[in-house]
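Participant: need a 3D model of the sequence below.
(4 chains)
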4 protein chains.
Amino acid sequence: MSSFKLAAREYSQQDTVVKIPGPRESVFIGAGYLTVIAGPCAVENQPDYLEIAQILKSIGVHVLRAGLFKPRTSPYSFKGLGGEGLKIVEEARRVTGLPVLTEVMDVRDIEDLYPSIDIFQVGSRNMQNFSLLEELGKTDKPVLLKRGLAATIEEWLLAAEYLLDRGNRKIILCERGIRTFEPYARNIVDIGAVPLIKHLSHLPIMVDPSHATGRAEMVGPVAKAAVAAGADGILVEVHQHPEAALSDGRQSLTPDQFRNLFAKIKDLAKLEEKIML
Amino acid sequence: MSSFKLAAREYSQQDTVVKIPGPRESVFIGAGYLTVIAGPCAVENQPDYLEIAQILKSIGVHVLRAGLFKPRTSPYSFKGLGGEGLKIVEEARRVTGLPVLTEVMDVRDIEDLYPSIDIFQVGSRNMQNFSLLEELGKTDKPVLLKRGLAATIEEWLLAAEYLLDRGNRKIILCERGIRTFEPYARNIVDIGAVPLIKHLSHLPIMVDPSHATGRAEMVGPVAKAAVAAGADGILVEVHQHPEAALSDGRQSLTPDQFRNLFAKIKDLAKLEEKIML
Amino acid sequence: MSSFKLAAREYSQQDTVVKIPGPRESVFIGAGYLTVIAGPCAVENQPDYLEIAQILKSIGVHVLRAGLFKPRTSPYSFKGLGGEGLKIVEEARRVTGLPVLTEVMDVRDIEDLYPSIDIFQVGSRNMQNFSLLEELGKTDKPVLLKRGLAATIEEWLLAAEYLLDRGNRKIILCERGIRTFEPYARNIVDIGAVPLIKHLSHLPIMVDPSHATGRAEMVGPVAKAAVAAGADGILVEVHQHPEAALSDGRQSLTPDQFRNLFAKIKDLAKLEEKIML
Amino acid sequence: MSSFKLAAREYSQQDTVVKIPGPRESVFIGAGYLTVIAGPCAVENQPDYLEIAQILKSIGVHVLRAGLFKPRTSPYSFKGLGGEGLKIVEEARRVTGLPVLTEVMDVRDIEDLYPSIDIFQVGSRNMQNFSLLEELGKTDKPVLLKRGLAATIEEWLLAAEYLLDRGNRKIILCERGIRTFEPYARNIVDIGAVPLIKHLSHLPIMVDPSHATGRAEMVGPVAKAAVAAGADGILVEVHQHPEAALSDGRQSLTPDQFRNLFAKIKDLAKLEEKIML
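Facilitator: Residues are numbered from 1 along each chain as shown, chains lettered A, B, ... in the order given. Coordinates of the predicted model:
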């Protein structure tokens, strides 16, 4: 595994910390910080998104999920509000003062999203969309790179290498479950990927227990496991009314469930001697 | 599995046949035709590509592989000649009179490639690059859609549905191996996908034994298996000097090996009562 | 992959042919023979089993499947007639003159089964039941060793090595599908395993398309693919009334469906220059 | 998933706690206890085993691993001392006062092992060795049932059902990693299996991070993740001289590494409000 260079532990013994300036205060990911990103699967409409954003702010979340473009397996599913929803995201960002994370799926959308968002997300289906990686590699915005559904650790780090090689050094990895034969949960969280990435790379690694499991009752235990294994943070889906969500309601926590989990994550962070702002 | 509509067998009891006009004579894929697409993994330079193109023409191949943009796991690998190589492809197409197949990875390349090539290929890594699918769905050129490395049959047919839904009905599926735990061969050809696709859909299905196995000694037996299982054709990598190829030489057949295989495929096609022009 | 010795191609450039003496005439597996083993999933009762045995004999089948002990995922499923059914198998063997194949799951059953059956089958769940392998390795009866559900090629050959190392050289490998993420068919036939085994070993390899796919409509195409890929034979489930079978009816062919398939296999065997007695 | 009955959560809302009498004091697994089982992969000789047993006792371990029969992929690997080693295990048990866990692979060994050991282990390769399950189901000794390498949650619970159905209610499940496409670590720990089993069943579940990962540097983080996810305990391999171990040295912790981990597990157990004797 000497195929990746800039992503390799040999390149930097010091852990990378990604600084996200944000509209008011800076947020940090990696190198001793424990960061929580939360929000609904998709921005559905202005009042609901502003409400959940303020609830999450009050709980202590560091970054808001702001899904506008949703990659959907079927062309007939709800695909997000797209560029139309950007104003809603800008408003939530302004009101809460929190930085926002948005998935980008098309190179032609980068320019429009750039001024309004704080972290670009590359989703698992696009982990090897090399044109997209190359274009994002030319920007100076942080990129959260999700692991592909069936990507090896090496392929994942080589995808990060595409970004790093073009000049962008603000890369955050995110384990979101891999595909196996087990039909019960949606995917299997590769918990061992956390220590492995720490061993092989200097890049921060987060875990998304919501997309990975697809089941709300599993989100809490897996989120806690991620922190105990040494992850730099978690991404969690939260929705006021999971049963009415336009996408992925089955895996969303309610604000109350999430508040409880947040407190437990805080206790674990303390035990792990992580800074949780 | 009622999620795909236009791709479903229920939509058309009659098998779809895709007509590829070609520079001189038309080629057909599906509905009783047995079609062979062959060529090197990538176009490397003009003299070599013209030579192999003429050899393949003389053997009886129906369509030329003309790889210009190569999706590579590492940013440091040879990525193909890109647009620079298009003139070489045009020349080979003119000289042999054979239609050409080229992979497209970026929506911004579609327009440039459109006038010069006969079939767009969507590679396995881009099977769920929905922006690319939607743009190709708006063209009137045949699209060969490779199955994702870890895509279910349903996800694959839904990716085809993205193309169909935008208006393009000239879709050809291509099984190219799925990822499993077995380390010996590169991937495992899902041979059962051939009868399954015939059962679930009216679209033609081809098999690529070269990328799937990654080993020249397995290409012939798997190609024959594909035809015996009912596939509408095969894609095979052929290179004058496999050991010197800039990419994927390990899996390429020499012209002599390929000539032998072509003869056996002809015998099988006859047994299966397929038309092999 | 130098871990197996007696099973390795280096040990014998000549393909192994396993001779099964049988009650009347000998049957051969490997080295140019194409052998068909067929029968219901389980022996259910005397009249039905004798009837299907005679039908299969009349079609030309070489060996009868005679399932007595059925490994079942649930303790509440039908587990076969066990030793009680042995008399039925002996009768069918006597009447048809065909050798019989029976799965053995417990070392304590070997002695009782020994005089009445012709080939011991080790099922996929027991591929690494090393006690069972060692005991069967001490007998002089042919053993058909199914590949484990998630066994690598190397592990499979090492399981064969357990048998060979104890002295039994009459080993037949059988690919029966591996477990993957794809939910539609029960398992995925690793068709490439056929040329791989031929490359790595001198042992004969058969394919079981019935257990592998779990769907009758896929059995024919996959059986044909196996022969075209170079397999030494196939195992097929046949039942007079698949819809009433006590186990695995969904994947059984009717006698008429099987008769058609048998004819096609004959044509393929001829093309492959195999001897099909 | 209503196929298992006695193993199902519906059968008992109360979590099962398995009492292991032990030579001096009782140990409990499940229902609020956090239990640590540790020891070398295999008993190699008397002085080394007695030494490590006493070290582990002094650290606070609850149960000793006492591997006598080692299932090995190759017939040419070290297979353990077998019955010869039983006296060493009895001595270690007497000296430390700790109960011992031993894998049993053959129904014919159960009787001999019965008087000397405290917990029978069924290894992953034998999870569906139904004869073995049925015989162990007739005893009154606790059984630790490892998940098969490619077993679904449902198949695992049905294997437990075989044991329960025969009368043995002292069943402990153990997640030990599943096989996937990822080549770096040996297997992938399915961390989500912990909350899933808690949701679907009343049986205790432990996690074995040593066999699962195959790499000592991953054992600590994965062990901690298991406890944070709600597991009832962990199994860890410890060896005085991992580099000289006759089997699996690559994944063994040294006594010092293990002592550190044990302290961290204690902190986590406290946070999780588990009793760690």
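Participant: where does pLDDT dip in chain A?
Facilitator: A:1-2 (pLDDT under 70).
Participant: which residue ranges form the helices in it?
Facilitator: Ranges of helices within chain A are A:46-59, A:86-96, A:110-113, A:130-137, A:153-165, A:193-200, A:209-213, A:216-228, A:255-271, based on DSSP state H.
Participant: quick one: those as TSV, columns for mean neighbour count too.
Facilitator: Every residue, glycine included, has its C-beta placed from N, CA and C. Formatted as TSV, the helices of chain A follow (neighbours: other Cβ atoms under 10 Å in any protein chain shown):
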stretch	mean neighbour count
helix A:46-59	18
helix A:86-96	18
helix A:110-113	14
helix A:130-137	22
helix A:153-165	25
helix A:193-200	22
helix A:209-213	28
helix A:216-228	26
helix A:255-271	17
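Participant: spell out which residues of chain A are next to chain D.
Facilitator: A:1, A:150, A:152-154, A:178, A:180-185, A:188-192, A:194-196, A:199, A:212-213, A:217-218, A:220-222, A:224-230, A:267-268, A:271 (Cβ under 8 Å from any Cβ of the partner chain).
Participant: and chain B, which of those contact it?
Facilitator: Among the residues of chain A next to chain D, the residues within reach of chain B (Cβ under 8 Å from any Cβ) are A:Ala150, A:Glu154.
Participant: list just the one of the helices of chain A that sits closest to D:Ile234.
Facilitator: Closest to D:Ile234 of those is helix A:216-228 (Cβ to Cβ; 12.1 Å).
Participant: does anything pack onto the closest one? Which helices or strands?
Facilitator: strand A:205-207, helix A:209-213, strand A:233-237, helix A:255-271, helix D:193-200, helix D:216-228 (3 or more Cβ pairs under 8 Å, 6 or more residues apart in numbering or on different chains; DSSP states H and E).
Participant: can I get these in a markdown table with distance to A:Gly97?
Facilitator: Output for the helices and strands packed on helix A:216-228, formatted as a markdown table (distance: least, Cβ to Cβ, whole Å):
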| stretch | distance to A:Gly97 |
| --- | --- |
| strand A:205-207 | 21 |
| helix A:209-213 | 24 |
| strand A:233-237 | 19 |
| helix A:255-271 | 18 |
| helix D:193-200 | 34 |
| helix D:216-228 | 31 |
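Participant: who in the stretch 51-200 of chain A is up against chain C?
Facilitator: With Cβ under 8 Å from any Cβ as the criterion, the stretch 51-200 of chain A meets chain C at residues A:Ala150, A:Arg179, A:Thr180, A:Phe181, A:Pro183.
Participant: ends of stretch A:111-126, what's the gap?
Facilitator: By Cα to Cα, to the nearest Å, the extent of stretch A:111-126 from end to end equals 18 Å.
Participant: show me what counts as buried in it.
Facilitator: If you call a residue buried by 16 or more other Cβ atoms under 10 Å in any protein chain shown, then stretch A:111-126 has these buried ones: A:Leu113, A:Ile117, A:Asp118, A:Ile119, A:Phe120, A:Gln121, A:Val122, A:Gly123, A:Ser124, A:Arg125, A:Asn126.
Participant: picking that back up, which one (most neighbours) among the residues of the stretch 51-200 of chain A next to chain C?
Facilitator: Taking other Cβ atoms under 10 Å in any protein chain shown as the neighbour criterion, A:Thr180 ranks highest of those with 25 neighbours.
Participant: A:Val18 contacts A:Pro142, correct?
Facilitator: Yes - A:Val18 lies in contact with A:Pro142 (Cβ atoms under 8 Å); the separation is 5.1 Å.
Participant: touching both of those two, which residues are there?
Facilitator: Residues touching both A:Val18 and A:Pro142 by Cβ atoms under 8 Å, 6 or more residues apart in numbering or on different chains: A:Ile29, A:Lys170, A:Ile171, A:Ile172.
Participant: could I get those residues as CSV with distance to B:Leu158 and neighbour count?
Facilitator: Shown next, in CSV, are the shared contacts of A:Val18 and A:Pro142 (distance: Cβ to Cβ, whole Å; neighbours: other Cβ atoms under 10 Å in any protein chain shown):
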residue, distance to B:Leu158, neighbour count
A:Ile29, 34, 26
A:Lys170, 34, 23
A:Ile171, 30, 27
A:Ile172, 30, 26
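Participant: pick the one among these closest to B:Arg108.
Facilitator: Distance to B:Arg108 across these (Cβ to Cβ) is lowest for A:Ile171, with 23.7 Å.
Participant: correct me, but the closest one touches A:Leu163?
Facilitator: Yes - the criterion here is Cβ under 8 Å, and A:Ile171 meets it with A:Leu163 at 5.3 Å.
Participant: shared neighbours of these two, which are they?
Facilitator: Residues touching both A:Ile171 and A:Leu163 by Cβ under 8 Å, 6+ apart: A:Val143, A:Leu145.
Participant: show me what contacts whatever residue of the stretch 51-200 of chain A ends up closest to chain B?
Facilitator: Chain B sits closest to A:Ala150 of the stretch 51-200 of chain A, with a gap of 3.3 Å, by Cβ to the nearest Cβ. Each residue near A:Ala150 by Cβ under 8 Å, 6+ apart is listed here: A:Ile178, A:Arg179, B:Leu149, B:Ala150, B:Arg179, C:Phe181, D:Phe181.
Participant: repeat for A:Lys198
Facilitator: A:Ile205, A:Gly230.
Participant: one more: A:Phe262?
Facilitator: Residues counted as contacts of A:Phe262 (Cβ under 8 Å, 6+ apart) are A:Val36, A:Ile59, A:Gly60, A:Val61.
Participant: next, count neighbours for the first one.
Facilitator: A:Val36 is flanked by 26 other residues according to other Cβ under 10 Å.
Participant: give me every residue in chain A lying close to chain B.
Facilitator: Contacts of chain A with chain B, taken as Cβ under 8 Å from any Cβ, map to A:3-4, A:71-76, A:105-108, A:125-126, A:128-131, A:149-150, A:154-155, A:158, A:161-162, A:165, A:179.
Participant: if we can go back for a sec, let's have the shared contacts of A:Val18 and A:Pro142 in TSV, adding distance to C:Ala8.
Facilitator: Below are the shared contacts of A:Val18 and A:Pro142 laid out as TSV (distance: Cβ to Cβ, whole Å):
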residue	distance to C:Ala8
A:Ile29	51
A:Lys170	51
A:Ile171	45
A:Ile172	47
